[in-house]
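*Asks:* quick one: sequence and predicted model below, then my questions.
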Amino acid sequence: MKFVTIFLVIAATAMAQPPKDNTIVLDENGIRNLRIETAVVEETGFEETIFALGRIEEIPENHGVLSSRIPGRVVALDVRVGDTVTAGQTLVRVESRQPGDPPPVVALKAPVGGLVVDSHIGLGEPVEPEKELLDISDLTEVLAIARVPEHQAARIAPGSKAYIRVSALGDQRLTGKMLRFGTIADRESGTIDAVFKVPNPGLRMRANMRAEFSIVTASNPGVMTVPRSAVQGEAASRFVYVKNFKLPNAFDKVPVQVGRSNDREIEILGGLFPGDEIVTRGAYSLSFAGGSAISLKEALDAAHGHEHNEDGSEITGNEKKAAATAPPEHHEASGASPVWKWTTAALFLLLLASLAGRFIHRDPADNIPNQEEG
């Protein structure tokens, strides 16, 4: 009986907890701590994409090599690997082997502007006309090469658009157009290269950096989409958080019907309207913020300037009259949960049953008088 009693107490406590409200209200600290960000829903378009990994490479035509037309030795080296140079800038001076006092010195100038990516000489080192001295690469534009699975290659063609992300650029996303396919497929990985040309903002991208591609295969205009981070819940019950129009720092949990998805967005078939402001960052954390210090009643009271019921509904005139005329004991009783009342009654009946069971199973020998005492 003890175990049954304990179980009922735990169950009654759990049942007596108020259900979670579909509206979550935060204070300013809660908004900052959860890093909540929102965006307005619009009917734009949905792009079907395929995802691919790849790399950054320099454009071969933008690569230059510095060399000397005469044999000699290096007497001045004005740049190092990693320096940025301009076309025509003097980089190296070579002392000729021709006789003279002093021997003639030839200035070697950069054939192209760009980044010095490699050096093959040192000060005082002898040079020959066939020797490469410096490698210079113009990185204002680079090639982004995606490794596309062979079975997906038929869905793209030269001119296809791609969104490209490189870690060196942070959250910045590049847009490129496909130039061509590679000439040879990779048998081991079952992929073929798709080559894109993209600008290099801040010259932060370098050859062999890792890149991620979302290659667009089809575009459907007039479709409502939201970021993937906005949609929460299980596959059978998706929902988003919509900013409440009336209450500050309040968000309503709204069920949605989803359609297609890509690596960035999810199509919304139902549940939202253009103009809704949804949570795009912090939505997952918001799911666990139901225990906020601010209740829905408190938020509505502050926003509207009068009191509301605990569930946020308006207090009717009859409820106001009943509250004003009821004795204090009535207020306390009316606030009790019906679940708690039934649970209390069940525990009381269980206690009576326990006492009755003890009396029925009592040993009859306990009622037999002591013969010696008689």
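*Replies:* All right, it came through fine. Numbering: from 1, shown residues only.
*Asks:* all contacts plus neighbour counts: C-alpha atoms, from now on.
*Replies:* Will do.
*Asks:* pretty sure Thr175 is in a strand, no?
*Replies:* Yes - counting by DSSP: H, G, I helix; E, B strand; the rest coil, Thr175 falls inside a strand.
*Asks:* nearest residue to it other than its sequence neighbours?
*Replies:* Of all residues not flanking Thr175 in the chain, Tyr163 sits nearest, at 4.8 Å (C-alpha to C-alpha, 6 or more residues apart in numbering).
*Asks:* contact partners for the one you found?
*Replies:* Taking C-alpha atoms under 8 Å, 6 or more residues apart in numbering, we find Tyr163 in contact with 173-176, 213-216.
*Asks:* can we see that at 10 Å?
*Replies:* Tyr163 makes contact with 49, 51, 173-177, 212-216, according to C-alpha atoms under 10 Å, 6 or more residues apart in numbering.
*Asks:* beta partners of it?
*Replies:* Bridge pairing for Tyr163 (DSSP bridges) gives the partners Thr175, Ser214.
*Asks:* Ile31: what secondary structure?
*Replies:* helix.
*Asks:* let's see the pLDDT reported for the closest residue to it other than its chain neighbours.
*Replies:* In space, and not counting its chain neighbours, Ile31 is closest to Asn249: 7.2 Å by C-alpha to C-alpha, 6+ apart. At Asn249 the predicted local distance difference test score is 89.
*Asks:* and for Asn249, the neighbour number?
*Replies:* A total of 17 residues lie near Asn249 under the criterion other C-alpha atoms under 10 Å.
*Asks:* equivalent analysis for the one 5 residues further on, please.
*Replies:* When neighbours are counted by other C-alpha under 10 Å, Val254 registers 15.
*Asks:* for it, list each beta-bridge partner.
*Replies:* Applying DSSP bridges, one finds that Val254 bridges with Val240.
*Asks:* OK, contacts around it?
*Replies:* 22-23, 238-242, 271-272, 278.
*Asks:* reformat those residues as CSV; add neighbour count.
*Replies:* Formatted as CSV, these follow (neighbours: other C-alpha atoms under 10 Å):
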residue, neighbour count
Asn22, 13
Thr23, 19
Arg238, 14
Phe239, 21
Val240, 25
Tyr241, 28
Val242, 24
Gly271, 12
Leu272, 20
Ile278, 26
